[in-house]
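> With the sequence up front, the predicted model follows.
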Amino acid sequence: MASQGASSSTPPSSFISHQWIHDVFLSFRGADTRNNFTAHLSNALRQKGINSYIDDDLIGGEEISPGLLKAIEESRISIIIFSQNYASSTWCLEELIKILECKETKGQVVLPVFYKIDPSDVRQRRKSVGEALAKLEEKIKDDAKLQRWKTALTEAANLSGWHLTEKRNEPECIQEIIEWVNSTLVKKIPFEVAQYPIRIESPVKELKSLLDIDQRNGKNTCMVGIFGTGGIGKTTMAKAIYNSIASQFEGSCFLENIREVSSQRDGLIHLQNKLLSKILGGSSTTQMVDHVDQGVILIKHRLFFKRILLVLDDVEQSDQLEKLVGDGNWFGSGSKIIITTRDKHLLTKHQVVTYEAKALDDPEALQLFTWHAFNRDRPDHPDYAELAKDAARYAGGLPLALTVLGSTLKGKDIPYWKSKLDEYKRIPNKDIQRKLKISYDGLEENAQNIFLDIACFFKEDHVDYVRKILDSCGFHSYSGIEELKDKCLITQTEYGTLGMHDLLQEMGREIVRPESPKEPGERSRLWFHKDVCYVLEENTGKNKVEGILIDLPERDLIDLSSEAFMKMKRLRLFINRKARFSEEPNFLSNKLRVIDWPGYPGKSLPSNFRGKNLVVLRMRDSHLKRLKGVENFQNMAVMDLSNCKFLKKFPDVSRIPKLEKLVLDDCAGLVEIHSSVGYLDKLIYLSVTRCPNLTSFPKSLILRSLEYFSLDECSNLKNFPEIECGMENTLPSSIGYLVGLEILSLGGCINLVDLPSSIHQLQHLDVLALDDCTAIKELPSSIGFLVGLKRLFLGGCKNIMNLPGNIYQLQKLERLDLKGCSELVKFLKKMKDDRQPMHSFVSTELLKLQSSTNTSSSDYECFSALQPQMLNLSECSLSESSFFRTFEWSDIVTLPRCIKRFVGLENLKMTDCKQLREILGLPPNLREVSVWMSVSLAIFLEESDFTTQLECPISLESLILSSTAIVSLPAWFKRFVGLKYLDLSDCKQLQEIPELPPNIEDVYARGCTSLKRLQFSNVFDLTLRWIDLSDCLELHQNIGDDMQIRLLSEGHPKNHRFNCLFPGDKIPDWFSHRKQVSKSYTCEMDINIEPTHLDGEISRFAFSAVIGTEDEQDEGAFEIVFGVIVDGVTTYSHQDMTSSAHSNLVWFHFHVPESFELKGDLKVKFECKNVFGNPSNPFFKSCGFHLVHRYEEKAIDFMDGVHPPKRCRDESDDNGNLESNEYPEKKRHSSSLGH
């Protein structure tokens, strides 16, 4: 037998390496503790089954061995036993440095134990520690190394640990340490991801990217949801990512089976307690929470500053998210939350980033199945190879199914395999069925019925077709189908086709089969060909049957009993794919919505069939001669009678007002189509092709909804609506009756001279294609009334000489193709040369035209002849337009006043127009203007441009003029009353910002290096949220005082927030509490309040910080997280995202709380967090906090100011930093607010 190649019996391992070899590494000074405390601790660990590493090598030395360094790296926990002589050993000190390195890089847990030595002696390097270091300093003469040792001693001594004094009971202390180690190890034990982890690595990498896991100081809590059908591997992925990143967080928790646990009594309370105990420590049985709402408050307050990793597995309902994580902002900055669910809508509703778990591809599926079936990567014998492929294909890439099938078939012979696989194709495996059915059981009854219909009848049909049928059956199809998609039970392609995993389809059908396991005629739905043949041939169908699908392996003959349908009075659906029938039925249910019966054997439908509920009638290739009773089909939407060769007349359908699609192709005997077809108001699709004997067609077509019409190859047609003689030269005026027409393509009609004026009636026309209509010389003026026209193709119309004057009215026009219009080129060039005025186009995406490689020089001339004022620039980015680059439209110098005519223009984008020097006008209905990086732009509107309020575009909401050369804004700028967002960043020439509009919210003037004055006189509006004046170094006014006036002004709404950034290196003097820090990323302030103020209500408070950077040449994003803590509970917290500057900057934030009672110990905490890989590493230099009491606010006069408060030394500050705790005194100052 030929060799099959090398085979592996070593199972694949997870890409996440099992890096921990030892549970605990013990670092100690042998001479002090080897034979007493360390020996006792090591023995106690061993008795508890905890694997500890202890260096038994009694030979010392200067250099630590590589083996010992490796042992430290491979340990989960390091216990450092500080003793009197620990610091005298260079070996111990090098161990200490390595341990702290692993703490940072590998998430190793470090526990210091101070054995008969005071922790402060280690921290401050006093007494025996200081003496030992002094001796080493004399001996080693290496300042850098000594400093590393000192820093390591201080850092380790600052960690929480145990202090064993002479009075302390040593066995009790060891027991406490053992319990702590055991508890910590339990938390650190990784999950078993999968027995055979196939394709785990790529999803974990993708999830890490979504979680932004490499940004350790991410801006906010990041929530990512893994969704997919049951058994797809969601939990496996969650376990893998959890194992991979859990060590990077302060705390981590994996809450499994939330759906199941929540359904039990007090299930959510149990989950809340588990979350708190896992993150905060303590026994898993500790009952911290007694009520769900209490748990919400406790989670918010206790975990707010903790950076955690939390996995919520198998979430089913919104309240489970709301009670466990809220909106995700309950936890410390940089926390990550991973959710697994079968319901995509649950994630999108909570604005969670989604990740879809996909099925395995064929090679991966075969690999996973083979490992479970054979414990190796290929079958034991070649005879199993094809059967293994069949099994993997049957499972459809579903890991659950592959695992179950492999385990079931493991060790069985080939006949058993064949038998079992055939059985599963008929009756699914119960374990797989039970897992998949969970999603179905969670559906509403409406969605359950829709799921069963799709599983049994409509898989791979178009969603619109299916909805129409389901709605006619009394189901609510839109909500039901959306629910099924959200639950991952069905899919929908970009083309609208409904899909379903094969095993989910089997699950649905298996729900139906047990309705009557032995007698298929008593089930609600029939699809299995043997069951269908039995029911129809033996006449066993009962009233329970609602739907029948006939899909035979071959086009076989069914010996139909004429009475077969007699008892099926509730039959809704009859779909025949391949079968032929021996005779016609004499009865059909009046409940039928679908008759899809190609090859129908009868000459007509049963005489007693009324069909009032019928929606779809498809009888292609049938023997029909007449459509008797069609007048009753009042709900009919689709009728397809293609290739009914015996049908001679198509009857009166005037009583079928809902007909949308009519297909009569290849009806060779068809002679006449009733005139009523021409008046079907809802008809969208009409196809009558290859009907050679058709002589009579409706004389008038008033089809207001028609989108598609074909009448090809009807060679004997004698009466076509209003066309007969004039068709060669003109389009009939009756075209105006097709008011629903969306596409009219007349390309290549070389004899077509003109279009009828009635064309203006086609109000829904999207596309008009007149390509290569070489006889057309002009378009009718009525074309300007096609208000919905998006694309107009005139390419190759070489004789067209003019465009109608009102073409500018086409406000939705996206594309105008003038390629090859050589006469039009001459016309446009002549107008340009003669300086004659031209009408304006309004074509919203004209500038997005792409230049093709075969464009002729005349085409370039045609477009070059157009003037700038002819173009509406809505939604056009000049920097991205190949059209503008090719024809050098980026050299535009002036945007003229005539652009005001474009009343439909809402969005004007002219980015990177390097020659643009002035904008002299704006259309009246603009919402957004963006001209950033137009570096030559010096004039944005002139003083005389808008003489009255009515002429100013009040709808303008966003104005971006960043990186331009403007020097000033017009004095009447405040008239932009709708303006909310203003960006003037990096306008290096800008010297003054005038009075701002009254509804402004955000102002960005970062990097305006010439800015000297910002008019604040109207800044006390209630909408302003943000002002960024970073790097505005020439600003000659005291922004800090301006901020105080804003803080103390009245009328601010509750929960209002305001932020400001401005250059400077000190907290404003009026701040009552200030603290200097030395290049710190955090700052915490104890706020000492005078007793007379303790019970006062706080009306607002302000935060401030001076922020420096390590590299002032680099800019990058960073986040300031800050909060107010009263008696250990966070009562206010917020995050501000901004960018670092080239110089020191002052950040200011104030907030108006709904209510804030000052009772208890008050602290303020600041954190500066780097995001997006910011290279500048911003840090705090000083921080400040200020409170305004309600009584103070009422006493404030707008003209009042404050004296700088006196500063007192913070006694707790070892470095002598100054911290202010005084309230300000008032003083008068100038009434001018803009200095």
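On my side now, so go ahead. Residues are numbered from 1 along each chain as shown.

> can you count the residues close to residue 472?
Look at residue 472: counted by other C-beta atoms under 10 Å, it has 18 neighbours. Yep, even glycine has a C-beta here, placed from its N, CA and C like the rest.

> what's the answer for residue 120, then?
So residue 120, with other C-beta under 10 Å, has 12 neighbours.

> ok now do it, which residues does it touch?
126, 157 (C-beta atoms under 8 Å, 6 or more residues apart in numbering).

> Only C-alpha atoms, please: export the helix or strand harbouring it in CSV.
Residue 120 belongs to helix 119-123 when assigned by DSSP states H and E. Extracted C-alpha coordinates of helix 119-123, given in CSV (Å, rounded to 0.1, in the frame of the first residue of the first chain):
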residue,chain,number,x,y,z
PRO,A,119,8.8,47.9,56.0
SER,A,120,9.7,51.6,56.3
ASP,A,121,13.3,50.6,56.8
VAL,A,122,13.2,48.9,53.5
ARG,A,123,11.2,51.7,51.8
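
> Please verify my assumption that residue 960 contacts residue 933.
No. Residue 960 is beyond contact range of residue 933, at 9.8 Å (criterion: C-beta atoms under 8 Å).

> Who has more neighbours out of these two?
Neighbour comparison, residue 960 and residue 933: the larger count goes to residue 960, with 20 against 17 (by other C-beta under 10 Å).

> Just the buried residues of the next helix or strand after the helix holding residue 120, please?
Downstream of helix 119-123, the first helix or strand assigned by DSSP H and E is helix 127-140. Buried residues in helix 127-140, counted by 16 or more other C-beta atoms under 10 Å: 128, 129, 132, 133, 136.

> which is the next helix or strand following helix 127-140?
helix 143-157.

> Name the residues that touch that following helix?
Contacts of helix 143-157 (C-beta under 8 Å, 6+ apart): 80, 82, 87, 93, 96-97, 99-100, 110, 112, 114, 119-120, 122-125, 129, 133, 136-137, 140.

> just checking, next helix/strand downstream of it?
Next element after helix 143-157 (DSSP H and E): strand 162-164.

> Remind me what that following strand packs against, helices and strands.
In terms of contacts (3 or more C-beta pairs under 8 Å, 6 or more residues apart in numbering; DSSP states H and E), strand 162-164 is packed against strand 109-115, helix 170-188.

> looking at these, which is buried most?
Highest mean neighbour count of those: strand 109-115, a mean of 21 (counted as mean count of other C-beta atoms under 10 Å).

> quick one: contacts of that one?
Here strand 109-115 has contacts from 32-33, 37, 76-83, 99-100, 103, 119, 122, 156-157, 159, 161-164, 177, 180-181, 184, 188, using C-beta under 8 Å, 6+ apart.

> Now which of these would you call buried?
The buried subset of the contacts of strand 109-115 (16+ other C-beta under 10 Å) comprises 32-33, 37, 76-83, 99-100, 103, 119, 122, 156-157, 161-162, 164, 177, 180-181, 184, 188.

> returning to that earlier point: redo the buried residues of helix 127-140 as CSV? Include pLDDT.
Output for the buried residues of helix 127-140, formatted as CSV (pLDDT from 0 to 100):
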residue, pLDDT
128, 90
129, 91
132, 90
133, 90
136, 89
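
> hmm, which two among these are most spread apart?
Greatest spacing in the buried residues of helix 127-140, by C-beta to C-beta: 128 and 136 (12.7 Å).

> Show me where the stretch 301-450 of the chain has its strands.
308-315, 336-341, 353-356 (DSSP state E, counting those that start in this stretch).

> Ranking those strands by mean neighbour count, which comes first?
strand 336-341 (a mean of 27).

> residue contacts, residue 781?
Applying C-beta under 8 Å, 6+ apart, the residues near residue 781 are 804, 805, 806.

> switch to 10 Å and redo it
757, 760, 804, 805, 806, 807 (C-beta atoms under 10 Å, 6 or more residues apart in numbering).

> got a pLDDT number for the fourth one?
Looking back up the chat, that one is residue 805. With respect to pLDDT, residue 805 scores 71.

> So it sits against residue 784, correct?
Yes. Under the contact definition of C-beta atoms under 10 Å, residue 805 touches residue 784, with a separation of 7.9 Å.

> Of these two, which one has the most company?
For residue 805 versus residue 784, neighbours defined as other C-beta under 10 Å are more numerous around residue 784 (19 against 11).

> Quick check: residue 614 touching residue 573?
No. Residue 614 is beyond contact range of residue 573, at 11.0 Å (criterion: C-beta under 10 Å).

> Overlap of the contact sets of the two?
591, 592, 593, 594, 595.

> Just those: which are in strands?
594, 595 (DSSP state E).

> show me where the stretch 501-650 of the chain has helices.
502-512, 529-538 (DSSP state H, counting those that start in this stretch).

> domain assignment for this protein?
As assigned by automatic domain parsing, the chain contains the domains 22-186, 200-356, 595-721, 819-1028, 1039-1228.

> Residue 490: which of these is closest?
Comparing those by C-beta to C-beta, domain 200-356 comes nearest, at 9.7 Å.

> average model confidence for the closest one?
87.

> what about it, how long is it end to end?
14 Å (C-alpha to C-alpha, to the nearest Å).

> on that earlier part again, with residue 600 as the reference, name the closest of the helices of the stretch 501-650 of the chain.
The nearest among the helices of the stretch 501-650 of the chain, by C-beta to C-beta, is helix 529-538 at 14.2 Å.

> Restricting to C-alpha, output the closest one in PDB.
What follows is helix 529-538, C-alpha atoms only, in PDB (Å, rounded to 0.1, in the frame of the first residue of the first chain):
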ATOM      1  CA  HIS A 529     -39.800  13.700  -0.800                       C
ATOM      2  CA  LYS A 530     -40.700  10.200   0.400                       C
ATOM      3  CA  ASP A 531     -43.200  11.600   2.900                       C
ATOM      4  CA  VAL A 532     -44.700  13.900   0.300                       C
ATOM      5  CA  CYS A 533     -45.100  11.100  -2.300                       C
ATOM      6  CA  TYR A 534     -46.700   8.900   0.300                       C
ATOM      7  CA  VAL A 535     -49.200  11.500   1.400                       C
ATOM      8  CA  LEU A 536     -50.200  12.500  -2.200                       C
ATOM      9  CA  GLU A 537     -50.300   9.000  -3.600                       C
ATOM     10  CA  GLU A 538     -52.000   7.400  -0.700                       C
END
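
> can you pull the buried residues of it?
Buried-residue list, helix 529-538, by 16+ other C-beta under 10 Å: 529, 531, 532, 533, 534, 535, 536.

> quick check, nearest of those residues to residue 914?
Among those, and counting by C-beta to C-beta, the member closest to residue 914 is residue 529, at 70.8 Å.

> Enumerate every residue touching that closest one.
549, 550, 551, 552, 553, 554, 556, 558, 577, 578, 579.

> picking that back up, could the contacts of residue 781 be laid out in JSON lines, adding distance to residue 985?
What follows is the contacts of residue 781, written out as JSON lines (distance: C-beta to C-beta, whole Å):
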{"residue": "757", "distance to residue 985": "53"}
{"residue": "760", "distance to residue 985": "48"}
{"residue": "804", "distance to residue 985": "44"}
{"residue": "805", "distance to residue 985": "43"}
{"residue": "806", "distance to residue 985": "42"}
{"residue": "807", "distance to residue 985": "39"}
